[in-house]
Structures are given as C-alpha cells and as structure tokens.
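> attaching a predicted model along with its sequence, questions to come.
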Amino acid sequence: MSMNTPLATAPELVAASPSAPDAQTVVSVRHWTDRLFSFRVTRPQSLRFRSGEFVMIGLPKPDGRPLLRAYSIASPAWDDELEFYSIKVEDGPLTSRLRRIEPGDHVIVRPKPTGTLVLDALLPGERLWLFSTGTGVAPFASILRDPDTYERYNEVILTHTCRDAAELEYGKQLLAALPADPLVGEDAAAKLRYLPTTTREPTEAIGRITDWIASGRLTDRFGLPPLSPERDRAMICGSMGLNTDVAALLEAAGLQSGANNKPGHYVLEKAFVS
Ligand code: A2P
C-alpha cells in the first residue's frame, strides 16, 4: 500500500502538535530488537474498529501535512489505548522518525479503520489458521483477544515466522499473557495453538511456513488432516511474497479467498510498512 519515498526526498518529520487534527498522545514505547518496536497511544474517542483492521497513522512533514502509513491495530477492541507493532526501516520515510517517539509525544491517528482481516470476511468453519511473519502478527494480537474468534471456531492456530528468536518475542509474550485474559483466557487455553518458527537462527521449529504447509509437516504437527475448504479457514499477514505464496498453497488445497462483502475460506493483508 505504501510506496517508499527515495531517501533524497525523504521529508524531515516532526512530532505532531497536541492541537493537530487527530493528534494522539504516545503512552509507552517498547523496543524489542534493533528492527522492531511497539508503542501505545491514547485512543481517539470516535474510533470503533473490528479486530484485525488497520488505521492510518503518521507524523507531520515540515509543511504541517502528515506523512501517513497503514498500521494494523494490535490491541483488542475494548482497550482504552491503541497498540501498534512496527518495523524500523533504515531510511524509511516514516519509521526512521517514528522509531524515536517517546511517551508524551504526539502522533496522528486517523479514526477510520478498514481492512480484510476480519472474522466477517470468512465463512463459518471448524478451524481458523492465522499465518503471520514479522510484524504481520499485529492484527492477530487483536483477533486473539476477541471473544468472537473462539465463539466461531473450535480451534485457532497461530503461526508466526521470523528471522530469529528475538523477533518472536512480541508474539511469545502475547501468547503467554492470554490465559490470564479476563475475556478470552479460558477459551484461549482450550482452543488456541501456536507455532513459532525461525528461518535464520536455529530454534525448536525451523523453516518458512510455506515449506511447513507444502510438506504436510504443519498439519502433521497438530495431528490434523490436510487443509480443506470444508473445515479450514485462514488469515494471512506478512510480506507480499509471503502472502502470495501462502495463498497459492491454500488455493491448491481448494480454499478460496474472501472479502467483507463476499466471505470466503481465507483472507490476506500485507504487513504494511516495509
Ligand atoms: P527468510 O528468512 O527465509 O527470508 P522479513 O523479516 O524479511 O519480513 O521476513 C519475516 C519472515 O518471513 C522470515 O522468516 C522470512 O524467511 C519469511 N518469509 C519472507 N518471504 C517469505 C515467503 N515468500 N514465503 C515464506 N516465508 C517468507
């Protein structure tokens, strides 16, 4: 969705003024690795969203107009604050400045959520697969804390693939906190399964998720039959290549893509800032 601006024309962004339209206050920032950070901001009063949707957020350019990018909301729909999980792109027009925000700073959050990674875009089924790489886990952090997710599916399986173990940490902490969640804790403990894998550092589970799917190792791992349109539903969120490659594997298994106005067996969305 976002085109990278060449470095030569990258604008020098500034923190938003508290009185700028749609300015929200940064509440906390956490740097996970030198490539990844998450931050929480106050929630616009008018903002209602469905778990899995994204909003446009950004910082002002010197002329005052904001540079905006799409960010999935990683927090649950009931939260007073909004959480975002971001990559730090070296020389990236937005993230090279956004990575330096601190509590008390202001960022622009347009209160117009949208997106296709929503439960309503999927047909009913037995099992929901959430395939993510990198910061693509963000929308699923919201979906996994939505009681609807567990009402609609008997089983929910999150896969998260990153280059190394440190990049899995955001997802690991999310999963570790879920059993204590007052709304979904019991359901998550009973229905949620999790497969973190790495591709550039050995961990307990190694390899691209596409290889896991294609070889049948994924369904074997969970003691499940092969993916089928009768039982399985899926959401995909990662790089363009990841999305295309996982979608092709799902299509080969007979699953068809869905949308808000035409629910299907799977949906996908790009993990935006790259
Ligand atoms: P790999 O290390 O083999 O490139 P990134 O940090 O570059 O966004 O990548 C996140 C994870 O997604 C990495 O583990 C990467 O594996 C994996 N990945 C990237 N592209 C694909 C793809 N087309 N199919 C499967 N996995 C992919």
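Great, that's in hand. Numbering: from 1, shown residues only.
> separation between the residue nearest in space to the middle of the chain and the ligand?
Computing the C-alpha centroid of the chain and ranking residues by CA atoms, centre = their mean puts residue 138 first, at 2.5 Å. Distance of residue 138 to the ligand, given as CB to the nearest ligand atom, to the nearest Å: 13 Å. In short, each C-beta sits where N, CA and C put it, glycine included.
> do residue 224 as well
20 Å.
> what about that residue, how many residues nearby?
18 (other CB atoms under 10 Å).
> secondary structure class of the residue nearest to the centre of the chain, three-state.
At residue 138 the chain is in helix, as set by DSSP: H, G, I helix; E, B strand; the rest coil.
> how about the contacts made by it?
71-74, 84-85, 237, 271 (CB atoms under 8 Å, 6 or more residues apart in numbering).
> closest to the ligand among those?
The nearest member of those to the ligand, counting by CB to the nearest ligand atom, is residue 271 at 7.4 Å.
> surely that closest one touches residue 140?
No: between residue 271 and residue 140 there is no contact under CB atoms under 8 Å: 10.7 Å.
> what's the overlap in contacts for the two?
132, 237.
> what does residue 142 show for phi and psi?
Backbone geometry at residue 142, expressed as degrees, to the nearest 10, gives phi -80, psi -50.
> that one against residue 52, yeah?
Yes: under the criterion of CB under 8 Å, residue 142 makes contact with residue 52 at 6.0 Å.
> who's more crowded, those two?
residue 52 (29 against 24).
> list the contacts of the more buried one.
So residue 52 contacts 72, 115, 117-119, 139-140, 142-143, 235 (CB under 8 Å, 6+ apart).
> as CSV, those residues with pLDDT would be great.
Formatted as CSV, those follow (pLDDT from 0 to 100):
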residue, pLDDT
72, 98
115, 96
117, 98
118, 97
119, 98
139, 98
140, 98
142, 98
143, 98
235, 98
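> by neighbours, which of the residues you listed wins?
residue 72 (30 neighbours).
> now do the contacts for that one.
Here residue 72 is in contact with 52-54, 84-85, 115, 117, 138-139, 142, 237, 269, 271-272 (criterion: CB under 8 Å, 6+ apart).
> can you tell me how far it sits from residue 112?
14 Å (CB to CB, to the nearest Å).
> number of residues surrounding residue 191?
17.
> still on that earlier bit, among the contacts of residue 52, name the ones in helices.
139-140, 142-143 (DSSP state H).
> count of residues packed around residue 257?
Residue 257: 17 neighbours (other CB under 10 Å).
> which parts of stretch 81-95 are buried?
82-89, 92-95 (16 or more other CB atoms under 10 Å).
> list the contacts of residue 188.
Residue 188 neighbours (CB under 8 Å, 6+ apart): 144, 150, 156, 178-179, 181.
> what do you get if the cut-off is 7 Å, keeping everything else the same?
144, 150, 178-179, 181 (CB atoms under 7 Å, 6 or more residues apart in numbering).
> isn't residue 89 right up against residue 95?
Yes: using CB atoms under 7 Å, residue 89 is in contact with residue 95, at 4.6 Å.
> thought residue 116 was touching residue 260, still the case?
Yes: contact criterion CB under 7 Å: residue 260 and residue 116 qualify, at 6.4 Å.
> compare these two (neighbour count), which wins?
More crowded of residue 260 and residue 116, by other CB under 10 Å: residue 116, with 19 against 13.
> from residue 205, how far out is the more buried one?
For residue 116 relative to residue 205 (CB to CB), the value is 28 Å.
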